[in-house]
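1. coords please:
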Amino acid sequence: MPGSDMVADVGQPSAVKIFVSYAGPDRPWAEWAGQQLERAGFTVELDAWDWSAGDNVVLRMNDALARADLVLALCSPAYFARDRFTTDEWTAVLAERRRLVPVRVTEVTPPPVLRPLLFRDLFGQPAEQARLALLEAVSGRSGRPVGPVPFPGDPAAPASVSADSVRVPGSLPAVWNVRRRNPAFTGRERQLAGLRERLCSGERALVQALHGIGGVGKTELAVEYAHLFGNEYDLIWWIPAEQPELIGDHLAALAVKAGLAPADRATPAAVEAVRAHLRGRPRWLLIFDNAEHRDDTAPWLPDGPGHLIITSRNPLWTGVAQPIDMDVFTRAESTALLQTNLPGLGDHDAQRLAVALGDLPLAIGQAADMLAETRVHVDAYLAELRTHATDLLRGGRPPAGYPLPLAAAVTVAAQKLAADDPAAGRLLTLCAHLGPEPIPTDLFTARPGLLPKSLAETAWRPVAFARIVAQLGRYGLARLTETGPLLHRLTQAVLRDVDPDPAGSRSTVDELLIAAKPKDPTTPAWWPRWTQLLPHILAADPAATDSVDLRLTADAAVWHLMARGDARTALPLAEQLHAAWTSRHGPDDDTTLAAGDTVSEGNRKFGRYLQARAADEDTLRRRRRLGGDDDPLTLNAAFNLALDLRLLGEYEQARELDEDTLERRRRVLGDNHPNTLRSASYLAMDLRGLGEYERARELDEDTLDRQRRVQGDDHPFTLHSADNLAGDLRGLGEHERARKLSEDNLARRRRVLGDDHPDTLTSAGNLAIVLHHLGDREGAIRLTEDILARRRRVLGEDHPHTFISANNLAVFLRAVGRFGEARDLDEDSLARRRRVLGENHHLTLTSAENLAADLAGLGETERARELRDDVRARRRAVEQ
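-> Residues are numbered from 1 along each chain as shown. Next up is the predicted model:
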């Protein structure tokens, strides 16, 4: 019977605990259902009501499922997406089907495993019928009433639910003028939930201003919010605010629609009627879309306990609204929108498109429309985007909800900016030729003389220049970060295409980057600055430039990546630059040879010592021919080749070359030059490899003392010298002194370079060896296990340093009788070294000998003997 609040015989409702399980887009349904259930006497747990920001969601969900008598599952397409927590929720209670109560809040086909269950539908019916369907679902059948049954003879008995109940989700208020919902709207669940929470955070919520660059989807989010939470309001009105002089007319139209004023009432009187009406009533929402300026919009904002949303490209809303910075899509949101509109698009192609389009919602939607309409292959679209971005992004109709295609929107905004503020327009053009990362403001202010006159006049005045930078954000052409402006890559592409003087802009930017070049790329103090500049140096296309200074700047930027341990990023960049400069400038060009040195360093970092040696031999021949034996660049090439020889185990050849290089560097550069000290440090390594520990120690002690005076205690080269001296001491049996020096060096490298830097792991490995010699076998094992795990992750399973750690760990395990674990490590190392280095390489044979020792410890004497005999035979064959 309508209005009778019937539920099944499940005991007293207040004793029944219900956990509401839902997907983010269905939050209005969750809140509506929770309210109806609580009014019926049930106890409800709902994350939006009961969980706090920062809670561990997994633990809260686990506890809620354990407490609940019933789990109400609000089923929709989003609910059954595999990447949601909701999957964990419904699968967790599936085995106990008596606890799972599934209801549909939109049209959806459940997974096959759930189809035998009876689903109730809450959508597509009046609120009262939906409420009864919900209560019947949790009860299992229509049954006993909840609460007191009204006396039939009481004339005051209500005929239906209380008048203040919230309308069913999906229903819209009578006073409404928001455009149709975008059926392709995807993602933004956190933003929608956050907007809802902020608007409902107090008795009088702050005005919320959604701001961001053009095309980021501010308007679309506001439209989606209005539809999603429309049932929570009695009045929702959309006000185009781009032209402030027309806002009054839009408010007057609201007055007429709401019956607050006749159509012929003068606008001021109608606006006042709206203000008076809203001032004393809750449950209303006004959306001021595309507002440009705070001061133009603020006078039109009504007071009252309702909600206000502003969308704007301008981030400046201080004193008027709480700003919400909207960023581009997440990668998952981008690919979801593409695949929703292009059902046949594979994951890989969706990822490629999202990367190329920078996850900008307008660009993603525009690409989806074009690909759906033209059936052009993704490869062809991406090629066109690389070469003719503006033409591609200007053509066709804009996606639903956007007034202009991306290129047109950017061009119009840029033209307006240049007309209103020529200096800001010129700055915008220069920024377009930099990278799509935050641009350091001091790139422009440090050397105003390099800037065009319109900018140079203000660049030396920090506040004046900051105001010019702010204009880029005000027009929605850049995001403002603490570092400086950040332009989207597609915005930059469009601006470059419409730049009337691209060569002049490019030249200015190149000069700024060259002037901003930090000092030594191997010094950690300069690494943050190199990191800031690297994307902008690469955006200058150093592979194609004729500027020697820009090419050397680019090579130093890549070298900084190598020095900080990021060879995986550095090596491909170095190889690209080396190939391009070889082709463009020839193999004898200084920048070509410098890039070749960087490539060789990358190959050494990956254990490709033979490739590095071949390249460095060629470089040394060229340097000797071009500059002579004593040229500093020739000596650098000789130093690199000696490094390759030592890594290949050819210590005598490395010693001869290092001795000659050191003598020449002392004569040409002086005893305390950093390069001279590096030669001395590496010569000591050769001597240690040849067993000349005393001579190595004398050289390392002198070098370390000089390094500390010249470079400082924490410079990477100083720490390298300290590690070398610790190795000498270990070889001389001075293990306690070696331990103290190794512990200090490891602490410094962890602080300066980080726990996972290859040099830090080298220091840790040296300390582990000292601990082993001092009898702390378990300490050595624990430390080496950690080193091996890190090297496997950072360097890979087949890197020479990973082999060293595995070998050391096997030695330490064997020393404490853990022969089985040692055997497993040595068998793996032997198999890998045979594959990587060959059967007869001296390191492969060392691994075989180690495995033989493990087998002997396990009592497998025959197999151990056979392996040792094979090693001896191979060594003889190699020596012959």
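2. Show me what stretch 190-210 is in contact with.
-> The list of residues contacting stretch 190-210 from outside it, by CB atoms under 8 Å, 6 or more residues apart in numbering, reads 24-25, 27, 48, 218, 221-222, 224-225, 228-229, 291, 301, 305, 307-312, 317, 320-324, 326. Where you see a C-beta, it was placed from the backbone N, CA and C, and this is true even at glycine.
3. Just the ones in helices from those, please.
-> 27, 48, 218, 221, 222, 224, 225, 228 (DSSP state H).
4. roughly how far apart are the last one and residue 195?
-> Distance check for residue 228 against residue 195: by CB to CB, to the nearest Å, it reads 10 Å.
5. Do a quick rundown of the strands in the protein.
-> For the chain, the strands defined by DSSP state E occupy 17-21, 43-45, 70-75, 100-104, 120-121, 175-176, 208-211, 235-240, 284-289, 307-312, 322-325, 479-480, 485-486.
6. Dump the ones you listed to CSV, plus mean neighbour count, distance to residue 471 and mean pLDDT.
-> Listed next are those as CSV, based on neighbours: other CB atoms under 10 Å; distance: least, CB to CB, whole Å; pLDDT from 0 to 100:
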stretch, mean neighbour count, distance to residue 471, mean pLDDT
strand 17-21, 24, 47, 87
strand 43-45, 19, 49, 87
strand 70-75, 25, 46, 86
strand 100-104, 21, 51, 85
strand 120-121, 16, 53, 83
strand 175-176, 16, 37, 92
strand 208-211, 24, 14, 92
strand 235-240, 21, 23, 93
strand 284-289, 23, 22, 94
strand 307-312, 25, 14, 93
strand 322-325, 17, 17, 89
strand 479-480, 20, 10, 90
strand 485-486, 20, 10, 94
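7. circling back: just the buried ones from the ones in helices among the contacts of stretch 190-210?
-> 27, 48, 218, 221, 222, 224, 225, 228 (16 or more other CB atoms under 10 Å).
8. And for residue 293, nearest residue in space, chain neighbours not counted?
-> residue 314 (6.5 Å; CB to CB, 6 or more residues apart in numbering).
9. and that neighbour, how many residues sit next to it?
-> 20 (other CB atoms under 10 Å).
10. show me the residues around it that make contact.
-> Residue 314 touches 211, 291, 292, 293, 294, 473, 474, 475, 476, counting by CB under 8 Å, 6+ apart.
11. redo that, cut-off 10 Å
-> When contacts are counted by CB atoms under 10 Å, 6 or more residues apart in numbering, residue 314 touches 209, 211, 291-294, 297, 323, 470-471, 473-476.
12. Going through these, which ones are buried?
-> 209, 211, 291-292, 294, 297, 323, 470-471, 473-476.
13. so what's the nearest residue to residue 738 once chain neighbours are set aside scoring on pLDDT?
-> Leaving aside its sequence neighbours, residue 738 sits nearest to residue 729 (CB to CB, 6+ apart; 3.9 Å). In this model, residue 729 is scored at 94, pLDDT.
14. likewise residue 760?
-> 93.
15. Was I right to think it contacts residue 786?
-> No: applying CB atoms under 10 Å, one finds residue 760 not in contact with residue 786, separated by 11.3 Å.
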